[in-house]
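Q: Just need the structure, nothing else, for what follows:
(one chain, ligands or ions: 2)
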Amino acid sequence: MAAAAIATLSFSSVPCKKRPRHGASSFDAQQFSNSSSYCHSLTLRPRVPRSRAVSRVVVAQAGSGSYKVAILGAAGGIGQPLSLLAKMSPLVSALHLYDIANVEPVTADLSHCNTPAQVAGFTGKDALAGCLSGADVVVIPAGVPRKPGMTRDDLFSVNAGIVRDLVAAVADHAPGALVHVISNPVNSTVPIAAEVLKQKGAYDPRRLFGVTTLGVVRANAFVAARKGLPVAEVDVPVVGGHAAATILPLLSKARPKAAFTDEEVEELTARIRDAGTEVVEAKAGAGSATLSMAYAAARFLEASLRGLDGHDDVYECTYVQSQVVPELPFFACRVKLGRDGVEEVLGSELRGLTDYEARELEDLKPKLKASIDKGIAYVQQNQEAALN
Ligand SMILES: NC(=O)c1ccc[n+]([C@@H]2O[C@H](COP(=O)([O-])OP(=O)(O)OC[C@H]3O[C@@H](n4cnc5c(N)ncnc54)[C@H](O)[C@@H]3O)[C@@H](O)[C@H]2O)c1
Ligand SMILES: O=C(O)C[C@H](O)C(=O)O
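A: Ligands and ions are numbered 1, 2, ... in the order given. Prediction:
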């Protein structure tokens, strides 16, 4: 295998020798597991084992590590910091930034960072083909964010059409790409994306993801703080969907194993579910989570790229087509990521739930189902309207 310069971003501060079994899959610099130092959050320099610090060259564990990533909505609140984090990834060789406005200055600015990814900017519908052509992963944070008092579903009327049109372009110009949908309401925009891809004959359920990583990131942070645990060692699966009560952290499955009182479970669950609203209210009309979301999206991007690159240890919670809950065609749970996207949907964490978790799971089913159906109906009805 050819030697490759590897600058590894760390999105956790897992002590390299002590990663959780199914832990944060991507940014914990595991090829440097002989390092005794802690992997600090999001290092800005190449992470190298001390013994190799002079040459800064290590042998890659898998693959060639060279992928093209397109970000649609790249000039927005999430898009900009996400683009920066993607520019820092050693697995990204080309970074295509698309937005309907303001993409030029972002591209000029980012292209001055001395990391390998080549940055190019694209704006206007006619530029989408060039932006998407050959993309391995397309990340979509395009769309409007919430203001105080709104639910995520209130964004449907604007964002449904944005996601539909962008995914149609992905089907035309990057049909084999992994598609990461960030735009809310994720519970509905992912089914919208699936329907559009189906209509275009480009649907592969292994390649379509709703990005729910922010729920996991928050759950890990809040549980670590509450229990006094090293944050990078904490791994809480968050299942269901990405809105209010459809967000279900499985605290009984958290690692390391921790004891929670009933009150703690209820408080933590409520905090994790309401965390998006907490940020929306703090921003007081100026949008929703952007920095933590960019961090979460970059973690999920890096996980996907490591999967594409042939690493065999990549697990993340994400909202995908699945049968783990038979009445819900889309459900967020832990999946194994590989060379073709989802390699396996792991439903095992839904077994042996506490009474509280089992009740909450039952409670979320009709809510999530309604959001899924709304997304599917949107595409089907618009298709019928277009034919009539
Ligand atoms: N999945 C999650 O966990 C999560 C977390 C936070 C925010 N979000 C969602 O992400 C979306 C974006 O949030 P934000 O804070 O970045 O908003 P923002 O308004 O700051 O940025 C959105 C960007 O999308 C662009 N855009 C709009 N229509 C477009 C189109 N047709 N093609 C390309 N670009 C287009 C805008 O020009 C803007 O630059 C919102 O829907 C928000 O609710 C999701
Ligand atoms: O809360 C929002 O509207 C944005 C996002 O879904 C979040 O969880 O922060």
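Q: In the stretch 51-200 of the chain, mark out all the strands, start to finish.
A: 58-59, 67-72, 92-99, 118-123, 137-140, 178-181 (DSSP state E, counting those that start in this stretch).
Q: would CSV of these with distance to ligand 2 and mean pLDDT be doable?
A: Where you see a C-beta, it was placed from the backbone N, CA and C, and this is true even at glycine. As requested, the strands of the stretch 51-200 of the chain are exported to CSV (distance: least, CB to the nearest ligand atom, whole Å; pLDDT from 0 to 100):
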stretch, distance to ligand 2, mean pLDDT
strand 58-59, 36, 38
strand 67-72, 17, 98
strand 92-99, 19, 98
strand 118-123, 25, 98
strand 137-140, 14, 99
strand 178-181, 12, 99
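Q: now those strands as TSV including mean neighbour count?
A: Shown next, in TSV, are the strands of the stretch 51-200 of the chain (neighbours: other CB atoms under 10 Å):
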stretch	mean neighbour count
strand 58-59	15
strand 67-72	27
strand 92-99	24
strand 118-123	19
strand 137-140	27
strand 178-181	27
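Q: Would stretch 276-287 count as contacting ligand 2?
A: Yes. Using CB under 6 Å from any ligand atom, we find that stretch 276-287 touches ligand 2 at 276, 279-280.
Q: follow-up on the earlier one: rebuild the strands of the stretch 51-200 of the chain as a markdown table, extending it with distance to ligand 1.
A: Output for these, formatted as a markdown table (distance: least, CB to the nearest ligand atom, whole Å):
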| stretch | distance to ligand 1 |
| --- | --- |
| strand 58-59 | 33 |
| strand 67-72 | 5 |
| strand 92-99 | 5 |
| strand 118-123 | 9 |
| strand 137-140 | 8 |
| strand 178-181 | 8 |
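Q: With distance to Ala168 added, can I get the ones you listed in JSON lines?
A: Below are the strands of the stretch 51-200 of the chain laid out as JSON lines (distance: least, CB to CB, whole Å):
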{"stretch": "strand 58-59", "distance to Ala168": "41"}
{"stretch": "strand 67-72", "distance to Ala168": "12"}
{"stretch": "strand 92-99", "distance to Ala168": "14"}
{"stretch": "strand 118-123", "distance to Ala168": "16"}
{"stretch": "strand 137-140", "distance to Ala168": "12"}
{"stretch": "strand 178-181", "distance to Ala168": "12"}
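Q: Please tell me which one of the residues of stretch 276-287 next to ligand 2 counts the most neighbours.
A: Gly276 (24 neighbours; other CB atoms under 10 Å).
Q: who are the neighbours in contact with it?
A: 146, 152, 214, 288-289 (CB atoms under 8 Å, 6 or more residues apart in numbering).
Q: So which of these reach ligand 1?
A: 146, 214, 288-289.
Q: Report the two of those residues separated the most.
A: Arg146 and Leu214 (13.6 Å; CB to CB).
Q: of the two, who's got more company?
A: Neighbours per residue, other CB under 10 Å: of Arg146 and Leu214, the larger number sits with Leu214, 26 against 22.
Q: The residue nearest to Gln321 when sequence neighbours are not counted - how many residues pack around it?
A: Residue nearest to Gln321 in three dimensions, not counting chain neighbours: Pro205, with 3.9 Å by CB to CB, 6 or more residues apart in numbering. Residues within reach of Pro205, counting by other CB under 10 Å, total 17.
Q: Over to Glu302?
A: Counted with other CB under 10 Å, Glu302 comes out at 27.
Q: My understanding was that it contacts Leu91; is that so?
A: Yes. Shown here, Glu302 and Leu91 form a contact pair, counting by CB atoms under 8 Å, at 6.8 Å.
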